[in-house]
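> sequence plus predicted model, see below.
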Amino acid sequence: MMSVDNRLEGRLALITGASGGIGSGCARTLWDAGMSLAITYSTNKANIEALVVELKSSDISNPSRRLSVHHLDLESDSSISSLFQEIETTHDHGPDVLIANAGYAKVIVRAEDISLEEFDRALTVNLRATFFLVKHCLAYMTQQHWGRIVFISSIAAQGGGINGCHYAASKAGLDGMMKNLAAKLGRSGITVNSVAPAMIGDTGLIPDPKMLEGTPGDVKNIPVGRLGTPQECANVVEMICKTGYLTGQNILLSGGLK
Ligand SMILES: NC(=O)c1ccc[n+]([C@@H]2O[C@H](COP(=O)([O-])OP(=O)(O)OC[C@H]3O[C@@H](n4cnc5c(N)ncnc54)[C@H](OP(=O)(O)O)[C@@H]3O)[C@@H](O)[C@H]2O)c1
């Protein structure tokens, strides 16, 4: 029987944007799976501190693993480089798993209203920074011949959602980059996939379903009749991380919404 290594326990996951809804869900799930974590926040220090308290209080099984918190500004190349130096110092090696979750999603619907500055910011935070995160991860993953890279994309990349073309372009770019990387990195033991959530509640993007009323994301347009949850996103992320035969795929998690 061919040996297959899908073990997560004891490996290190970097999760960007763990101060937010989907990122904190991923942190809880991968922590429960026995991983060490490096988690980031940008402005919401209180949220990440509360998450750390919660995670540490649930840590009964594996006292040797590590949990580190890092400030990260994805608009700054030096902030991204510092993140990897900090991870190296704390964990003695780079991430085995990258969950590139943090994203910029200011809602501006009409192209006429999207300034060049807003377009550039969406591309910088959501796409350019993700490329730089990947670049920092590759040396260690290649050396280990094992890696999992997951991009949190969006239904917007497929023409849906509630936001404008700046956001859609940035997320579609992620999906294109994912497919290229998956084809290039498979032989190095590294899988690359993306998850395209839509209408996930309990997040900074959608704190209240009322804000969706009258938009394409209105709950009455969602076939399953409700918003998704951060935990459901985390379930898909964990499945990807535990399934090394899956690569180059974009998984739409939208309750049936197109
Ligand atoms: N919620 C949905 O229905 C939905 C749908 C499609 C795609 N998504 C995607 O899911 C991902 C997570 O979003 P969410 O829904 O969980 O919203 P959220 O709760 O607002 O989380 C966004 C996260 O991104 C971080 N972030 C934002 N700008 C950043 C920057 N410049 N540098 C570093 N970190 C930054 C935030 O940090 P701070 O809070 O600390 O500032 C926060 O942790 C995003 O990529 C989003 O585009 C969400």
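Looks like it came in fine.
> okay, now the closest residue to the ligand within the stretch 151-258 of the chain: neighbour count?
Residue nearest to the ligand within the stretch 151-258 of the chain: residue 204 (2.2 Å; Cβ to the nearest ligand atom). Backbone N, C-alpha and C define where each C-beta goes, glycine included. As a burial measure, residue 204 scores 15 neighbours (other Cβ atoms under 10 Å).
> before we move on, what about residue 13?
Count around residue 13 with other Cβ under 10 Å applied: 26.
> which residue, other than its chain neighbours, is closest to it?
Closest residue to residue 13 apart from its sequence neighbours, by Cβ to Cβ, 6 or more residues apart in numbering: residue 97 at 3.9 Å.
> what's the answer for residue 17, then?
Sequence neighbours aside, residue 102 is the residue nearest to residue 17 in space, at 3.0 Å (criterion: Cβ to Cβ, 6+ apart).
> tell me where the protein has helices.
Ranges of helices in the chain, per DSSP state H, are 21-32, 45-57, 77-91, 116-123, 129-144, 165-185, 230-241.
> distance to the ligand, mean neighbour count and mean pLDDT added to these, as JSON lines?
Formatted as JSON lines, the helices of the chain follow (distance: least, Cβ to the nearest ligand atom, whole Å; neighbours: other Cβ atoms under 10 Å; pLDDT from 0 to 100):
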{"stretch": "helix 21-32", "distance to the ligand": "4", "mean neighbour count": "25", "mean pLDDT": "98"}
{"stretch": "helix 45-57", "distance to the ligand": "7", "mean neighbour count": "14", "mean pLDDT": "96"}
{"stretch": "helix 77-91", "distance to the ligand": "8", "mean neighbour count": "16", "mean pLDDT": "98"}
{"stretch": "helix 116-123", "distance to the ligand": "8", "mean neighbour count": "16", "mean pLDDT": "98"}
{"stretch": "helix 129-144", "distance to the ligand": "7", "mean neighbour count": "18", "mean pLDDT": "98"}
{"stretch": "helix 165-185", "distance to the ligand": "7", "mean neighbour count": "19", "mean pLDDT": "98"}
{"stretch": "helix 230-241", "distance to the ligand": "7", "mean neighbour count": "21", "mean pLDDT": "98"}
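> could these go into JSON lines alongside distance to residue 195?
Output for those, formatted as JSON lines (distance: least, Cβ to Cβ, whole Å):
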{"stretch": "helix 21-32", "distance to residue 195": "9"}
{"stretch": "helix 45-57", "distance to residue 195": "20"}
{"stretch": "helix 77-91", "distance to residue 195": "21"}
{"stretch": "helix 116-123", "distance to residue 195": "18"}
{"stretch": "helix 129-144", "distance to residue 195": "13"}
{"stretch": "helix 165-185", "distance to residue 195": "10"}
{"stretch": "helix 230-241", "distance to residue 195": "5"}
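> quick check: the closest residue to residue 52 other than its chain neighbours vs residue 27, distance?
Nearest-residue entry for residue 52: residue 69, 6.1 Å, with adjacent residues in sequence omitted and distances by Cβ to Cβ, 6+ apart. Look at residue 69 and residue 27: by Cβ to Cβ, to the nearest Å, they are 10 Å apart.
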